[in-house]
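Undergrad: Can you look at this prediction? I've put the sequence above it.
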Amino acid sequence: ESYDMGGHDTYMHKEIAEQPEAVDRVLRGRIDDRFATVRLGGLNLDARAARGVRRVKILGCGSAYHAGLIGAQMIEELARIPADAEPASEFRYRNAVVDPDTLYIATSQSGETYDTLAAVQELKRKGAMVLGVVNVVGSAIARETDGGVYVHAGPEVCVVSTKCFTNTAVAFALLALHLGRIRDLSVADGKRIIEGLRRLPEQIGEILREEDRIAKLAAELAESRSMMFVGRVRGFPVAKEASLKLKEVSYIHAEAYPASELKHGPLALVEPAVPTVAIMPTDELLEKNRATLEEIKARSGRILAVAHEEQPKADSTIVVPRNEPELDPVLMGIPLQLLAYHTALALGRDIDKPRNLAKSVTVE
Ligand code: AGP
């Protein structure tokens, strides 16, 4: 990993391309096949303390918050601990009830985001247990937390987060597996997730090889006035992140909604000039998502599906390789980073330095 552009025209492109190696790095040396779990040396949370955790609350801003939403779902699914994520910027202003049995986790690429750091400091002052899921080693949030997991994405230069988002989601999968195996996750499920994690770098590479096709789709979408991103449960945080990515780098307005919420209002926006990107893995919610596509088609909306198989109701489908369902969000986010990148490129945007934004927001 270096600051050299290595033949890429932008850092964003370089950082998207680096993801197979970056994910390999977050996994390296951590898998413990003997006990079907992972070793997370810096966690400072022994098995007894981990068993005492009644809730998990993840705090972060922007893309880190979205990775936290994915992490919360993984922790609920694999460790069966109630978990949620909240923007750190909201949490710190709402005089939240700080519960001694809750494990708080602050997540940040830079480790210097002021809102996240302020939330950590307030939690620590109140005696809470706070871990960090952080990229920059030795950063303020890494120092102020009781322990944590480094995401090892390497230096991320582009203002728009890509590889760190992906690696943070994988770091949360490791943490969820670790907590799960201390609690009720079976050896068989532990092995299943480990095998899934090992497949990720190669599968990310497969998605990246679809770049030319994604670039063509992006060139068509660049004409859009606005875009909708929808997904259910595991697909929803992916929709939120993809919508943020597109907005930041292309300046096209975008909205992210749970697919199930469309009929409660946002369906009014659907028309030919407002295409929808639907994140729809082949899981127990596929039929529900297909019904959503029909609702959109009935309003003449164009649809791009991100799915495990061609979706006949969609105008186009980006097919993503299958992994274990809990890890779907990691892979489904990757083509949407390329989509945002190529949309911005088609519009001639300043990709590495989008207007009005800074890489890390270290002030109030
Ligand atoms: C991501 O593309 C953003 N530029 C932004 O939302 C970022 O994730 C947020 O500011 C948090 O930064 P951090 O991860 O360094 O704390």
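TA: Here it is on my side, so go on.
Undergrad: The closest residue to the ligand within the stretch 151-300 of the chain - nearest residue in space that isn't next to it in sequence?
TA: Nearest to the ligand, among the residues of the stretch 151-300 of the chain, is residue 161, at 3.7 Å (CB to the nearest ligand atom). Placement of C-beta: from N, CA and C, glycine included. If the residues on either side of it in the chain are set aside, residue 161 comes closest to residue 63, at 4.1 Å by CB to CB, 6 or more residues apart in numbering.
Undergrad: so which residue of the protein comes closest to the ligand?
TA: Nearest residue of the chain to the ligand, counting by CB to the nearest ligand atom: residue 62, 1.7 Å away.
Undergrad: Wait, that residue touches residue 161, no?
TA: Yes - Residue 62 lies in contact with residue 161 (CB atoms under 8 Å); the separation is 7.3 Å.
Undergrad: more crowded one of these two?
TA: Legend: neighbour count by other CB atoms under 10 Å for residue 62 and residue 161, higher for residue 161 (28 against 24).
Undergrad: what about the more buried one, distance to residue 48?
TA: 35 Å (CB to CB, to the nearest Å).
Undergrad: Which neighbouring elements make contact with the helix ranked longest in the chain?
TA: Across the chain, the helix with the greatest residue count (assigned by DSSP state H) is helix 187-208. The contact analysis (3 or more CB pairs under 8 Å, 6 or more residues apart in numbering; DSSP states H and E) places helix 187-208 against helix 19-27, strand 31-32, helix 163-182, helix 328-346.
Undergrad: Pick the most deeply packed of the ones you listed.
TA: The highest average neighbour count among these, using mean count of other CB atoms under 10 Å, belongs to helix 163-182 at a mean of 27.
Undergrad: Do that helix and the ligand come into contact?
TA: No - applying CB under 6 Å from any ligand atom, one finds helix 163-182 separated from the ligand by no less than 6.8 Å.
Undergrad: chain center to that helix: distance?
TA: 11 Å (CA atoms, centre = their mean, to the nearest Å).
Undergrad: doesn't residue 242 make contact with the residue nearest to residue 161?
TA: No - at 10.6 Å, residue 63 does not count as touching residue 242 under the criterion of CB under 8 Å.
Undergrad: and the two? which has more neighbours close in?
TA: When residue 63 and residue 242 are compared for neighbours, residue 242 comes out ahead with 27 against 24, by other CB under 10 Å.
Undergrad: contacting residues for that one?
TA: Shown in contact with residue 242 (CB atoms under 8 Å, 6 or more residues apart in numbering): 229, 254, 256, 277, 279, 333, 336, 337, 339, 340.
Undergrad: how does it look with 10 Å?
TA: Going by CB atoms under 10 Å, 6 or more residues apart in numbering, residue 242 touches 66, 227, 229, 231, 235, 254, 256, 277, 279, 306, 332-333, 335-337, 339-340.
Undergrad: Could you do residue 164 as well?
TA: 15, 22, 63-64, 67, 107-110, 134-136, 151-156, 158, 171.
Undergrad: before we move on, back to that, overlap in contacts of residue 62 and residue 161?
TA: 109, 241, 244, 248.
Undergrad: okay, these in JSON lines with distance to residue 287 and secondary structure next?
TA: As requested, the shared contacts of residue 62 and residue 161 are exported to JSON lines (distance: CB to CB, whole Å; DSSP: H, G, I helix; E, B strand; the rest coil):
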{"residue": "109", "distance to residue 287": "37", "secondary structure": "coil"}
{"residue": "241", "distance to residue 287": "25", "secondary structure": "helix"}
{"residue": "244", "distance to residue 287": "28", "secondary structure": "helix"}
{"residue": "248", "distance to residue 287": "33", "secondary structure": "helix"}
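Undergrad: which of the residues you listed tops the neighbour count?
TA: That'd be residue 241 among the shared contacts of residue 62 and residue 161, by other CB under 10 Å, with 31 neighbours.
Undergrad: still on that earlier bit, okay, and the common contacts of residue 63 and residue 242?
TA: Shared contacts of residue 63 and residue 242, counting by CB under 10 Å, 6+ apart, come down to residue 333.
Undergrad: in the helix or strand hosting residue 90, what's buried?
TA: Residue 90 belongs to helix 88-91 when assigned by DSSP states H and E. Across helix 88-91, burial judged by 16 or more other CB atoms under 10 Å covers 88, 89, 91.
Undergrad: cool, stretch 212-224 as well?
TA: 214, 215, 217, 218, 221, 222, 224.
Undergrad: Cheers, nothing more for now.
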